[in-house]
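S.K.: could you work out the structure for the sequence below:
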Amino acid sequence: MIFIVRLRRLEIHKESLEEHFKQFPVTSVGQAQAEIEKLTGILRSPTQIRLFLLKLGIKRRKVGSIPAKADLQRQAEFLSDELQPRLQEAQIGARQIFLSMPRILS
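M.R.: Have a look, this model is predicted:
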């Protein structure tokens, strides 16, 4: 019951916070917590902030990374010069392609 009452105080500021987070996306729940406290003066726990952000439709996103030694030029050359011609040969039946994957123990 206390959870719901505390979230209702944030509901008053829902529209303004939603606009703020669309303009200035946050990278963590802690950053969102600090922004909400700065804008509204309301301090809530990370769990309550997480629930509030979900109610606003703001979801956590995971980001990928590019390996440090990735050579994008060489990858593009491999794709156009080696891989695409081999796939085209396989489509017309002049070549067979085998997929090799390591075994995964589960």
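
S.K.: residue 52 contacts residue 10, correct?
M.R.: Yes - between residue 52 and residue 10 there is a contact under CB atoms under 8 Å: 5.2 Å. Any C-beta I mention is one placed from the backbone N, CA and C, and that applies to glycine too.

S.K.: in the protein, which spans are helices?
M.R.: All helices of the chain, identified by DSSP state H, fall at 2-11, 14-23, 29-40, 46-56, 72-78, 84-92.

S.K.: any chance of these in JSON lines, with mean neighbour count, mean pLDDT and distance to residue 62 too?
M.R.: Formatted as JSON lines, the entries for the helices of the chain read as follows, by neighbours: other CB atoms under 10 Å; pLDDT from 0 to 100; distance: least, CB to CB, whole Å:
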{"stretch": "helix 2-11", "mean neighbour count": "11", "mean pLDDT": "66", "distance to residue 62": "25"}
{"stretch": "helix 14-23", "mean neighbour count": "13", "mean pLDDT": "90", "distance to residue 62": "18"}
{"stretch": "helix 29-40", "mean neighbour count": "16", "mean pLDDT": "92", "distance to residue 62": "14"}
{"stretch": "helix 46-56", "mean neighbour count": "16", "mean pLDDT": "90", "distance to residue 62": "15"}
{"stretch": "helix 72-78", "mean neighbour count": "10", "mean pLDDT": "91", "distance to residue 62": "22"}
{"stretch": "helix 84-92", "mean neighbour count": "11", "mean pLDDT": "92", "distance to residue 62": "30"}
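
S.K.: so which of these gets nearest residue 66?
M.R.: With CB to CB as the measure, helix 72-78 is the member of the helices of the chain nearest residue 66 (8.3 Å).

S.K.: with just CA atoms, put that closest one into PDB.
M.R.: Extracted C-alpha coordinates of helix 72-78, given in PDB (Å, rounded to 0.1, in the frame of the first residue of the first chain):
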ATOM      1  CA  LEU A  72      35.400  -1.900 -40.900                       C
ATOM      2  CA  GLN A  73      37.000  -1.500 -44.300                       C
ATOM      3  CA  ARG A  74      38.300  -5.000 -44.400                       C
ATOM      4  CA  GLN A  75      35.000  -6.400 -43.300                       C
ATOM      5  CA  ALA A  76      33.200  -4.500 -46.100                       C
ATOM      6  CA  GLU A  77      35.800  -5.800 -48.600                       C
ATOM      7  CA  PHE A  78      35.300  -9.400 -47.400                       C
END
